[in-house]
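K.L.:
Fold the following for me, if possible:
(2 chains, ligands or ions: 1)
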Amino acid sequence: MIQSAIVDEFLTTGQCASCRVIDLHAHYGPYQGIYMPNHTPEQMIATLDRCGVERMVTSGHMALADMVPGNQEITELTERYPTRWSGYTVINPNYPELAARELALYDKRKGMVGLKFHPSGHRYPLDGPNYAPALEFAAERRLMVLSHTWEGPFNSVAEVTKVAEAYPTLDLILGHSIYGEWDGAIALAKRLPNVYLELTAAYAANGIIEKMSAGGVTDKVVFGCDLPWFDPHYAIGCIIFARISESERRMILRETALRLITPRLRH
Amino acid sequence: MDKIAFWDCNASFGLPTRGALKVCASADELVQELDWHGFSGALVYHTAQHDQSPVVGNRVLAEAIAGNPRLIGSWAILPPQTSELPSDASFFRAMEAANVRALWAFPEEHRFLLERLTFGSFLDEVAERRIPLFVRRAIGWPVIYRLMEQYPNLTLVAAAHGPWGEDRLFRPLLERYPNFKLDTSRYEQDMGVSELVRYYGHECLLMGSNYPAAPMGGPRLMIERCDLTPEARRAIAGENLLNLLRKAELS
Ligand SMILES: [Zn+2]
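P.N.:
Down below sits the predicted model:
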C-alpha cells in the first residue's frame, strides 16, 4: 500500500494534526438541484472539526442567487465564527448597480477575503465589461478572486487568460481548475504568478493531481470541496492517495492556501 | 481499529477508445492499483465489453482474470433477439466457470432498450438466480424506474453516480424495492452516506469507485471515516458486495 504518514493519519483519525486543511472553495445553505443533508452552520463547523479543516472560505448559495441578502448572511457567519469561517463577496454581473453597492460594503465586512464570480451560473462571460469594476476593485486591494471555471462558454481558458493578464495584482483562483481544459489551466498557472488551480470536483478526474505535479504547478494548487456539497474526506482522499510527494500533499491541502489567505485576514 | 476489507464493485481495465487522464491497461495494472489503495479485490469488467462488443469483451475479460482470486468478473448482456450471446442456462454455467458473478447492461453504447419487451424471461431468470445487474445511473432514472417496475425482484445496482447527489431520484426506489442498490462512486455529499444508512440500512450501499475514471482514494477515506458503526462501514466497504456475489445461483 501507499507509504505516507499523512494518509495513515487521515485513515486512522480522520485528520492530520501537522497539516490542517484550508478550504478555499466552500458555500453555505441548501441549493436547487441537489439534496444536501448537512448545510446548517453548526453542521458545517462539525464537518470541519471531523475532517481536520482549519478554515473555509465560502460564498453563500443565497448570494449566488441574490447578492444583497446573501453576502450579508455570510458576513454574519464570518463574525460568528471568525477563526474558522471567511467569506467571498459574490458579484452578480447581471445587476451592476447592486454589485457596486456590494463592493462599497466590502471594506466594512471584515470577514471577507475576496470576491467570488460564477460566470456560467450567471450566464455572463468572465471578460465581459460588467465584471470590470469588481476586477479593478480587487486589483487595487490585492484581493483573491475565486471564479467558477469550466470548459465551454463564459469561463474557459480564453476568458481566464484575458482577465489574469489584465489584473496581475489580484490572485485569481480558478475554481474547478477550468474543468476539462486541463492542459490550458496548467499552462496558465505555470506562466502567470497570479493564477492558482482549485480542486473542487477536479480532484475526482482521476490522474489530474499527478498531471498537475508533472506540469510543475503543485505549489499553485489549492484545496476546495464545495462544502456543504461534498464530504471533505472524499476530496482529501483523492488528493493524498495520488502519486505525489508528502511535501506536495502539504502544499495542496494547506500551505499554498495559507500563504494566500493570511495577509487578507482582517478579523 | 479492525482493518476494513475494501472491495470495489465498479472497476474496469483495458484501454478506453477515447483515451483518459488515467488508464489501467491490464488486469495486472488494476491489481497494482488495488494494492496502492489498500483494496482486497474488485468486481471488474473490461473496456472492450462496452467500447467494442460483449461478444468479444466478455471473453477477453474472462481470460484476463483467470486464476486471479482478487478479480471477480462481470459480463455485459445483449438483447436475446439477435442471439449474439447465449440466453439459456449455458450462459450462467459459463459465467460460473469463468468466475463471473454479476452482469452489466450498457444500453446506450449497445443501442437497446433495457426493458421487458426486449429482455422478457431472461431478466426474470437473472432475478430468480439473484445475479446482480449493474447499470450506470447515466442511462436515466426513468429507464431504471421502468425496469424495476417490470422486474421488481431484480437485484439492480445503479452505479457511477455523479457528484450532484440524486437522493430525490433514487430514494423512491430504495423505499419500494428491497433488491435495488447503489454503488457509492461519487455519492460524496457531506454526511450523505451516513444519513442514507440511517433511513434505508447499509444493505443498499456497495463500495464502488468507477475506477479508473474516478479515484479509489476518495471513496476509501470517506467510507473509512463516515459516521457509522464499524459493522456498517465493513458491510459497505466490501461485505455487502461479497454477500451479493455469493448468493448468485449460476449452476
Ligand atoms: Zn462552488
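K.L.:
And for A:Met251, the neighbour number?
P.N.:
As a burial measure, A:Met251 scores 22 neighbours (other C-beta atoms under 10 Å in any protein chain shown). Any C-beta I mention is one placed from the backbone N, CA and C, and that applies to glycine too.
K.L.:
Could you pull out the helices in the chain for me?
P.N.:
I'll assume chain A. Here chain A has its helices, by DSSP state H, at A:5-13, A:41-51, A:61-65, A:67-80, A:96-106, A:119-122, A:132-141, A:157-166, A:182-191, A:208-214, A:232-240, A:246-250, A:256-261.
K.L.:
meant chain B, my bad for not saying
P.N.:
Ranges of helices in chain B, per DSSP H, are B:27-37, B:47-51, B:54-65, B:89-97, B:116-128, B:141-150, B:167-176, B:192-200, B:217-225, B:230-234, B:240-247.
K.L.:
which of the ones you listed is buried the deepest?
P.N.:
Burial of the helices of chain B is given as mean neighbour count (mean count of other C-beta atoms under 10 Å in any protein chain shown); helix B:217-225 ranks first at a mean of 26.
K.L.:
Show me what that one is packed against.
P.N.:
Secondary-structure packing of helix B:217-225 (3 or more C-beta pairs under 8 Å, 6 or more residues apart in numbering or on different chains; DSSP states H and E): helix A:5-13, helix A:232-240.
K.L.:
which residues are contacting the last one?
P.N.:
By C-beta atoms under 8 Å, 6 or more residues apart in numbering or on different chains, the residues outside helix A:232-240 that reach it are A:4, A:6-7, A:10, A:14, A:21, A:23, A:47-48, A:51, A:53, A:199-200, A:203-204, A:206, A:209, A:223-225, A:249, A:252-253, B:186, B:188, B:190, B:215, B:217-222, B:225-226.
K.L.:
same thing but at 6 Å, please
P.N.:
A:6-7, A:51, A:53, A:203-204, A:209, A:225, A:249, A:252, B:188, B:215, B:217-218, B:220-222, B:225 (C-beta atoms under 6 Å, 6 or more residues apart in numbering or on different chains).
K.L.:
and the angle from it to helix A:41-51?
P.N.:
40 degrees (axes from the mean of the first three to the mean of the last three C-alpha atoms, to 10 degrees).
K.L.:
Figure out how far helix A:232-240 is from the centre of its chain.
P.N.:
15 Å (C-alpha atoms, centre = their mean, to the nearest Å).
K.L.:
cool, and the first one?
P.N.:
If you compare the mean C-alpha spot of helix A:5-13 with that of the full chain, they lie 24 Å apart, counting by C-alpha atoms, centre = their mean.
K.L.:
try stretch A:19-31
P.N.:
Relative to its chain's centre, stretch A:19-31 lies at 8 Å (C-alpha atoms, centre = their mean).
K.L.:
Show me which positions of that stretch end up buried.
P.N.:
Under the neighbour-count criterion of 16 or more other C-beta atoms under 10 Å in any protein chain shown, stretch A:19-31 has A:Cys19, A:Val21, A:Ile22, A:Asp23, A:Leu24, A:His25, A:Ala26, A:His27, A:Tyr28, A:Gly29, A:Tyr31 buried.
K.L.:
what's in contact with it?
P.N.:
With contact meaning C-beta under 6 Å, 6+ apart, stretch A:19-31 is reached by A:36, A:39, A:52-62, A:175, A:198, A:200, A:222-224, A:226-227, A:250, A:253-254, A:257-258.
K.L.:
Among those, which are located in strands?
P.N.:
Judged by DSSP state E, strands contain the following of the contacts of stretch A:19-31: A:Val53, A:Glu54, A:Arg55, A:Met56, A:Val57, A:Thr58, A:Gly175, A:Glu198, A:Val222.
K.L.:
remind me which residues of chain A are low pLDDT?
P.N.:
For chain A, no stretch has pLDDT under 70.
K.L.:
Neighbours of A:Lys116, how many?
P.N.:
The burial count for A:Lys116: 28, using other C-beta under 10 Å.
K.L.:
okay, now A:Leu126: neighbour count?
P.N.:
Using other C-beta under 10 Å, the number of residues around A:Leu126 comes to 27.
K.L.:
check contacts around it.
P.N.:
A:Leu126 sits in contact with A:Pro119, A:Ser147, A:Asn155, A:Glu159, A:Val163, where contact means C-beta under 6 Å, 6+ apart.
K.L.:
what does B:Leu85 give?
P.N.:
B:Leu78.
K.L.:
Look up which residues are beta-bridged to B:His46.
P.N.:
Listed by DSSP bridges, the beta-bridge partners for B:His46 are B:Phe13.
K.L.:
how close does it get to B:Gly73?
P.N.:
Distance, B:His46 to B:Gly73, using C-beta to C-beta, to the nearest Å: 9 Å.
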